[in-house]
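*Asks:* got a sequence here, can you model it:
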Amino acid sequence: MFFMNACSPPDIPSTNNLDENLFGEWVFYENDLSISASYTFNEDGTCVQFLYDQNYDWLWEIEEGQLKLYVESGTPAYFTYNIEEKFLYFYSDIAGVWGLPFTKID
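*Replies:* So this is what the prediction gives:
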């Protein structure tokens, strides 16, 4: 007898669903100019978030105009975002305002 165990491929986003304007590193500076948070959006649909001295690995894509951050088999988080020149803003649904800017690093 021959048995075959099929595994589904990893949940990798389609590169067709990425916003190339997000590619690269975006940082949020504290008053003393230290980096307190950042996002690095890679062209392969992966993202590294730095927050409170920790790195978090995500998959990302754009879905219905929103940024979708997720992990395999996890519940995705959706963010409304806006890019103005070298600044990235996220909208806070809870507060009803745009957040402080992340600056694009060249």
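*Asks:* which intervals of the chain have sub-threshold pLDDT?
*Replies:* Counting by pLDDT under 70, the chain shows low-confidence ranges at 1-15.
*Asks:* for it, what spans make up the strands?
*Replies:* 24-29, 35-41, 46-51, 54-63, 66-70, 77-79, 81-84, 87-92, 97-98, 102-105 (DSSP state E).
*Asks:* quick one: distance of the second one to the chain centre.
*Replies:* Okay, so that is strand 35-41. Chain-centre distance of strand 35-41: 10 Å, with Cα atoms, centre = their mean, to the nearest Å.
*Asks:* for it, packing partners?
*Replies:* Strand 35-41 sits against strand 24-29, strand 46-51, strand 102-105, with contacts defined as 3 or more Cβ pairs under 8 Å, 6 or more residues apart in numbering; DSSP states H and E. Where C-beta positions appear, they are placed from N, C-alpha and C, glycine not excepted.
*Asks:* what lines up beside that strand in the sheet?
*Replies:* Strand pairing for strand 35-41, using DSSP bridges, gives strand 24-29 (antiparallel), strand 46-51 (antiparallel).
*Asks:* redo those as CSV? Include distance to residue 64.
*Replies:* Converted to CSV, the strands paired with strand 35-41 look like this (distance: least, Cβ to Cβ, whole Å):
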stretch, distance to residue 64
strand 24-29, 21
strand 46-51, 18
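*Asks:* need the winner for burial among those strands.
*Replies:* Of all these, strand 24-29 has the most neighbours on average by mean count of other Cβ atoms under 10 Å, namely a mean of 17.
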